[in-house]
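>>> Okay, here's the prediction I keep looking at, along with the sequence it came from:
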2 protein chains.
Amino acid sequence: MTNLRERQKESRRRKILQAAREQLVANGFEATTIETIAEEAEVSAVTVYNYYGTKTGLLLALVSESDTLLLERMQELLKTPSETIVDTFSAFAEVIRQHALSFLTKPVWRQVIAASIIEGDSQFGRSYAQLDRELARQLTKILEKLKDRGGLGADTNLDVLGDCLFQLQNARFLQFVSSDDMTNEAVDRYLREDMEALLAACPD
Amino acid sequence: MTNLRERQKESRRRKILQAAREQLVANGFEATTIETIAEEAEVSAVTVYNYYGTKTGLLLALVSESDTLLLERMQELLKTPSETIVDTFSAFAEVIRQHALSFLTKPVWRQVIAASIIEGDSQFGRSYAQLDRELARQLTKILEKLKDRGGLGADTNLDVLGDCLFQLQNARFLQFVSSDDMTNEAVDRYLREDMEALLAACPD
DNA sequence: TAAAAGTTTTTTGTGCAATACAATTTTTTA
DNA sequence: TAAAAAATTGTATTGCACAAAAAACTTTTA
């Protein structure tokens, strides 16, 4: 039995996050104040603080809300495997970028990443780090499938490889959102070049 | 002929940066205010703003001050080459970490990185990005030497490889400073595992 | 040495994040 | 339906970043 009280809380939570997202996308992080969010969500500013603690806490909560959606899209990818490791890696990264930009703008993502670095061990910071771990895990799974089909060296440590390639993806994603000019295609080219250069590095 | 006026400016610059660094290391970013920095540097707070614009501007200026030192240490590394690509990569990353921690603390580095992401296209933000490019360049040079000695596949694109491995190093560095617990040895292990997993990934 | 040029400082003010607390409203429970 | 419990709200306050203008000071120059 769900309390009326709990339902109200849930409803407020939703309204606050929705208002926050709208304003962040429309006006950016600086121009979005707790006050204006509270106003649009029809609660007081104090309530926003009670729910999310700080402004960046609110930001990270907003992002972790979209996590399940991203993980679902990643599941889809598992079902349509690629032939080569280059294609696999490229497709994996593309899903993340698409999802990211369908949810927030580049400038806001910069704030999100900055917040996650600074508030690394707050409640919301941890759940953000958790997502990273799960994504790396997913990449490992995808690589396992590839290995089964012979697209990968036999004596590869997939846990390490998945984690490592995820880190590389993350670094390029950061470059992507850090420059308003960088296109989706440009990052994809980078990542493919990266993979190819790495594969060619094995000493003869 | 250097003006008295210019010398005074230079002296103030130095005193501000020195005071900033001392307080940041001792008390962290939040507890360090423009006011207290100005006080210790014996100038007014407005002067600090005149010199560095914003608090994060000051932070990034502080870091770019230490750049030349890091690049010098990297030059040293060029003279003492390693046998394998794993050792090369590991040594490169170690120089960066050593230098970083000899200059600032992990919590402050988190602020630095966050600031560089948010203020990506301010004056100081750009000079921070510039350092990254130079470091990637240096890594490429080190790899060239390695290739000459046969420690690397012959048909490797070194520009791409250098950039890519630098990105990976950067990602692991971020993990390093993001966790107060993570030791130097732990990161080194990570990076070596990374390289080994990558090298083993070539399909048979 | 006196005027001119260049800087710093003082002063004043704005905006926003974050916190504290009492007052008030709403829901629950008995 | 009334008391108890829980949550929200208004209000006041603090602290700091940052901005703008005029006053005060110091160096330069003629």
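Right, received. Where do you want to start?

>>> near chain B at all, stretch A:143-151?
Yes - Stretch A:143-151 reaches chain B (C-beta under 8 Å from any C-beta of the partner chain) through A:150-151. For glycine as for every other residue, the C-beta is placed from the backbone atoms N, C-alpha and C.

>>> again with stretch A:166-179
Yes - with C-beta under 8 Å from any C-beta as the criterion, chain B is reached by stretch A:166-179 at A:167-168, A:170-172, A:174-175, A:178-179.

>>> swap in stretch A:130-138?
No - for stretch A:130-138, no contact with chain B is found by C-beta under 8 Å from any C-beta; the gap never falls below 9.8 Å.

>>> That stretch: how far from the chain's middle?
Remark: stretch A:130-138 is offset 10 Å from the chain centroid, using C-alpha atoms, centre = their mean, to the nearest Å.

>>> Could you do stretch A:130-148 as well?
15 Å.

>>> So A:Cys164: helix, strand or coil?
Using DSSP: H, G, I helix; E, B strand; the rest coil, the structure places A:Cys164 in helix.

>>> Contacts only, for it.
Contact analysis of A:Cys164 by C-beta atoms under 8 Å, 6 or more residues apart in numbering or on different chains lists B:168, B:193-194, B:197-198.

>>> how does it look with 7 Å?
By C-beta atoms under 7 Å, 6 or more residues apart in numbering or on different chains, A:Cys164 lies in contact with B:168, B:194, B:197-198.

>>> again with A:Glu94
A:Asp188.

>>> Give me the distance between it and A:Leu77.
9 Å (C-beta to C-beta, to the nearest Å).

>>> same question, A:Leu70
11 Å.

>>> Which one of these two is surrounded by more residues?
A:Leu70 (21 against 18; other C-beta atoms under 10 Å in any protein chain shown).

>>> what does chain A have sitting close to DNA strand D?
Proximity of chain A to DNA strand D, by C-beta under 7 Å from any atom of the strand, involves residues A:5, A:9, A:12, A:42-47, A:50-51.

>>> Take those and keep only those in helices.
Judged by DSSP state H, helices contain the following of these: A:5, A:9, A:12, A:45-47, A:50-51.

>>> so which pair among the residues you listed is furthest apart in space?
Using C-beta to C-beta, the pair of those lying farthest apart is A:Arg5 and A:Ala45, separated by 21.0 Å.

>>> Nearest spatial neighbour of A:Ala20, chain-adjacent residues omitted?
Closest residue to A:Ala20 apart from its sequence neighbours, by C-beta to C-beta, 6 or more residues apart in numbering or on different chains: A:Ile37 at 5.0 Å.

>>> State whether that neighbour and A:Gln23 are indeed in contact, as I suppose.
Yes - using C-beta atoms under 7 Å, A:Ile37 is in contact with A:Gln23, at 6.1 Å.

>>> Have a look at the two and say which one is more surrounded.
More neighbours surround A:Ile37 than the other of A:Ile37 and A:Gln23, with 25 against 18 (other C-beta under 10 Å).

>>> Quick one: residues contacting that one.
A:16, A:19-20, A:23, A:48.

>>> what's the answer for A:Leu135, then?
So A:Leu135 contacts A:Phe166 (C-beta under 7 Å, 6+ apart).

>>> Now it: which helix or strand?
Following DSSP states H and E, one finds A:Leu135 within helix A:123-148.

>>> Next, the angle from that helix to helix A:45-52.
In terms of direction (axes from the mean of the first three to the mean of the last three C-alpha atoms, to 10 degrees), helix A:123-148 departs from helix A:45-52 by 40 degrees.

>>> Name the residues of the helix or strand hosting the residue nearest to A:Ala20 that are buried.
A:Ile37 belongs to helix A:34-41 when elements are defined using DSSP H and E. Neighbour counts over helix A:34-41 (16 or more other C-beta atoms under 10 Å in any protein chain shown) mark A:34, A:37-38, A:41 as buried.

>>> Can you show me the CA trace of that helix as CSV?
Extracted as CSV, the C-alpha positions of helix A:34-41 are listed here (Å, rounded to 0.1, in the frame of the first residue of the first chain):
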residue,chain,number,x,y,z
ILE,A,34,17.1,26.7,-7.5
GLU,A,35,14.5,29.5,-7.1
THR,A,36,13.3,29.3,-10.7
ILE,A,37,13.2,25.5,-10.6
ALA,A,38,11.2,25.5,-7.4
GLU,A,39,8.8,28.0,-8.9
GLU,A,40,8.1,26.0,-12.0
ALA,A,41,7.8,22.8,-10.0
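
>>> In three-state terms, how would A:Asp181 be classified?
Assignment for A:Asp181 (three-state DSSP): coil.

>>> Tell me, how many residues neighbour it?
Applying other C-beta under 10 Å, we find 6 other residues in the vicinity of A:Asp181.

>>> State the distance from it to A:Thr88.
27 Å.

>>> Could you tell me which residues of chain A lie near DNA strand C?
So chain A meets DNA strand C at A:3-6, A:8, A:32-35, A:45-46, A:49, A:53-56 (C-beta under 7 Å from any atom of the strand).

>>> So which of the residues you listed is surrounded by the most neighbours?
Neighbour-wise, these (other C-beta under 10 Å) top out at A:Thr32, 23 neighbours.

>>> just the buried residues of helix A:34-41 now: which is nearest A:Leu152?
Distances from A:Leu152 to the buried residues of helix A:34-41, taken by C-beta to C-beta, are shortest for A:Ile37, at 47.2 Å.
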